[in-house]
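Asks: mind looking at a prediction? Sequence and model below.
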Amino acid sequence: MIRRVVLFSVFLLLSFSSLHAQKRAFTIEDLYRVKNISDLHLSPDGQTLIFVVGSSDLARAKRHSHVWAMNR
């Protein structure tokens, strides 16, 4: 189950990097575009993984968090 979360995280990072295929310097705006995965919890039956995906809104200086569930 944890392996799925790791694969999901890698997929998010790869999809983000493919959007910016041209070479350029990493900026603070790039840092704010990165999404964070935290608070991983496995259900007692081991079938569902609950986690929080956090993102930043640089223009409004706010952070947003959304709870996600992934079934086996």
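Replies: Thanks, I have it.
Asks: now the element after the lowest-mean-pLDDT helix or strand in the chain, going C-ward?
Replies: Every helix and strand of the chain was ranked by mean pLDDT, DSSP states H and E. The lowest is helix 2-19, at a mean of 68. Under the assignment DSSP states H and E, the closest C-terminal helix or strand after helix 2-19 is helix 28-33.
Asks: give me the helices and strands touching that following helix, please.
Replies: In terms of contacts (3 or more C-beta pairs under 8 Å, 6 or more residues apart in numbering; DSSP states H and E), helix 28-33 is packed against strand 48-57. No exception for glycine: its C-beta is placed from N, CA and C like everyone else's.
Asks: now do the strand it packs on: which elements does it pack against?
Replies: helix 2-19, helix 28-33, strand 36-42, strand 62-71.
Asks: can you redo those as JSON lines with distance to residue 56?
Replies: Formatted as JSON lines, these follow (distance: least, C-beta to C-beta, whole Å):
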{"stretch": "helix 2-19", "distance to residue 56": "13"}
{"stretch": "helix 28-33", "distance to residue 56": "4"}
{"stretch": "strand 36-42", "distance to residue 56": "9"}
{"stretch": "strand 62-71", "distance to residue 56": "5"}
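Asks: with mean neighbour count added, can I get these in TSV?
Replies: Conversion of the helices and strands packed on strand 48-57 to TSV gives the following (neighbours: other C-beta atoms under 10 Å):
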stretch	mean neighbour count
helix 2-19	11
helix 28-33	11
strand 36-42	12
strand 62-71	10
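Asks: what's the closest of these to residue 52?
Replies: Of all those, strand 36-42 sits nearest to residue 52, with 4.4 Å by C-beta to C-beta.
Asks: show residues contacting the closest one.
Replies: The contact list for strand 36-42, computed with C-beta atoms under 8 Å, 6 or more residues apart in numbering, reads 1-2, 5, 8-9, 12, 48-55.
Asks: tell me how far it is from the chain's mean position?
Replies: Distance of strand 36-42 from the chain centroid (C-alpha atoms, centre = their mean, to the nearest Å) equals 10 Å.
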